[in-house]
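[1] okay, sequence plus prediction incoming.
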Amino acid sequence: MKSKRILAIVLSAILMIGSLVGCGNNAPSSTGTANESNASTAGENPAAAGDEGKVYFFNFKPEQDEAYQAIAAEYTEKTGVPVKVVTAAAGTYEQQLRSEIAKKDAPTIFQINGPVGYASWKQYTADLSGSEIYKHLADKSLAITEGDGVYGIPFAIEGYGIIVNNKIMQAYFAMSGAKATSLESINTFAKLKEVVEDMQAKKAELGLDGVFASTSLMPGEDWRWQTHLSNVPLYYEFQSSGADLSDPAATAKISFQYNEKFKNIFDLYLNNSTVAPTMTGSKSVNDSMAEFALGKAAMVQNGNWAYGQISGVEGNVVSAEDVRFLPIYVGMDSESNQGLCIGTENFFCINKNASEADQKASLDFLNWLYTSEEGKAHVTKDLGFIAPFDSFTDKDKPADPLGQQVMEWSANSNIKNVPWNFTIYPSQQFKDEFGSNLLLYAQGQMEWKAVVDAMVSSWAAEKAATAQ
């Protein structure tokens, strides 16, 4: 784990060598089924011998399934190498991977979400220290390592915050009595709250159902809150304590010191939304993004990966130039120079139990995707990733506005972006329990103190369990 300062240096270095491009999000675990599609294997390519292996990529990002299927088909047509992509249904990745990895025809490429994910799947991860894709990683310290081995390679730098529809905001700023005159003037929680509550009072005049899109607390759809939102106050807690995030003992317990700061922004979301708090348990991320895309809401918390969801909604009314980011302000002192939450938790792994031919084929596929001109175009335009490899140059910058803004916030030396510390969260069980309790709180069935106590207790218990 890295401090904010180190992450800022890493991102700046990546930008300096022109290696960035834009990405998506990791869904949490629940139950469900996978969507399976086999890439076409028509057409033999002399360059690809029949015994050179095959690729089975198990993907955890449902919103990118269509793009990966097209990429797989193109690669197979080009090389003759069979590429199968199976995508886990939202919230089911861990369970589905356990099932798939045990099969005779197991995934050859799978994904983990950082050191905690590596601890769960290390018995299946091949050493990638000699691979071409690792050689192209701009900052080798971003990889998941143990000893001299490299077992997980990050494939995206991502950022998240509060996405806003600037057209609606400009309409509000022009109103008599508006509490702000520009997005730039909204740089603290106090100002954000003042603006949001005033906009909510004027929602009919603005043509809104609510300022914020619905808070998705349906099981398996709550990762924006139990993981991404909680990262902000926990980042400040770790900063306050001076915890060494690379030392498991230093993060074995938390106090949720700034839980009231979490409550500040969470309540703001709940109470100024398109739906009543009691309805949040029936809402998915897709519901929330559709509300934003259709102009029913002016703001929504999500990351740069969400632009594809916004632009892909039928009837979308939000133009690219009007999609902007605000940081997630929670009421900390001196937060006016706080930036977005920027980091990575997505890592490719190669199944070491796959045949040597299949491992090679899988690495060749990843190398093509991240170093060839055709592959890089898919990464940038279709997947929307900000890729941390030196094969990406200035011309490979992300095409979408949110990816571009992540790069801009990353390059701003006057801003302190918040790193992704949730790679050290103890387990998916911890996240799920916290999310479930947040729903009970939203529905008025659980007091906030009980939510906090349960969260702190669950963290300690899950950390202890994973340490055994």
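    Structure's in. What do you need?

[2] could you use CA atoms for every contact and neighbour count after this?
    Fine.

[3] ignoring the adjacent residues along the chain, who's closest to residue 67?
    Nearest residue to residue 67 in three dimensions, chain neighbours excluded: residue 382, at 6.0 Å (Cα to Cα, 6 or more residues apart in numbering).

[4] my guess is that neighbour meets residue 65, correct?
    No. Using Cα atoms under 8 Å, residue 382 is not in contact with residue 65; the gap is 10.6 Å.

[5] what about residue 332, distance to residue 233?
    Separation of residue 332 from residue 233 (Cα to Cα, to the nearest Å): 9 Å.

[6] any chance you could map the strands in the chain?
    With strands called from DSSP state E, the chain shows them at 34-38, 55-59, 83-88, 109-112, 144-146, 149-154, 158-165, 299-303, 323-326, 338-343, 347-350, 416-418.

[7] out of these, nearest to residue 192?
    When the strands of the chain are compared for distance to residue 192 using Cα to Cα, the nearest one is strand 323-326, at 9.7 Å.

[8] could you pull out the buried residues of stretch 199-215?
    Buried residues in stretch 199-215, defined by neighbour count with 16 or more other Cα atoms under 10 Å: 199-200, 202-203, 206, 208-215.

[9] same check on stretch 259-270?
    Residues of stretch 259-270 classed as buried by neighbour count (16+ other Cα under 10 Å): 259, 260, 261, 262, 264, 265, 266, 268, 269, 270.

[10] enumerate every residue touching the fourth one.
    In other words, residue 262. Residue 262 is in contact with 229, 230, 232, 233, 330, counting by Cα atoms under 8 Å, 6 or more residues apart in numbering.

[11] okay, now the fourth one: neighbour count?
    Residue crowding around residue 233 was assessed by other Cα atoms under 10 Å; the count is 22.

[12] distance check, it against residue 262.
    Residue 233 sits 6 Å away from residue 262, going by Cα to Cα.

[13] which neighbours do these two share?
    Among the neighbours of residue 233, those also in contact with residue 262 (Cα under 8 Å, 6+ apart) are residue 330.

[14] dump the strands of the chain to TSV, plus mean pLDDT and distance to residue 172.
    Formatted as TSV, the strands of the chain follow (pLDDT from 0 to 100; distance: least, Cα to Cα, whole Å):
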stretch	mean pLDDT	distance to residue 172
strand 34-38	41	43
strand 55-59	97	41
strand 83-88	96	41
strand 109-112	96	42
strand 144-146	92	46
strand 149-154	96	40
strand 158-165	96	11
strand 299-303	97	13
strand 323-326	98	15
strand 338-343	94	23
strand 347-350	97	41
strand 416-418	93	27
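
[15] closest one to residue 247 among those strands?
    When these are compared by Cα to Cα, strand 144-146 sits nearest residue 247, at 14.0 Å.

[16] show me what the closest one is packed up against.
    Counting by 3 or more Cα pairs under 8 Å, 6 or more residues apart in numbering; DSSP states H and E, the packing neighbours recorded for strand 144-146 are strand 149-154.

[17] quick one: strands adjacent to the strand it packs on?
    The strands that strand 149-154 pairs with in its sheet are strand 144-146 (antiparallel), strand 347-350 (antiparallel) (by DSSP bridges).

[18] return the most buried member of those.
    Across those, averaging neighbours per residue (mean count of other Cα atoms under 10 Å) puts strand 347-350 on top, at a mean of 24.
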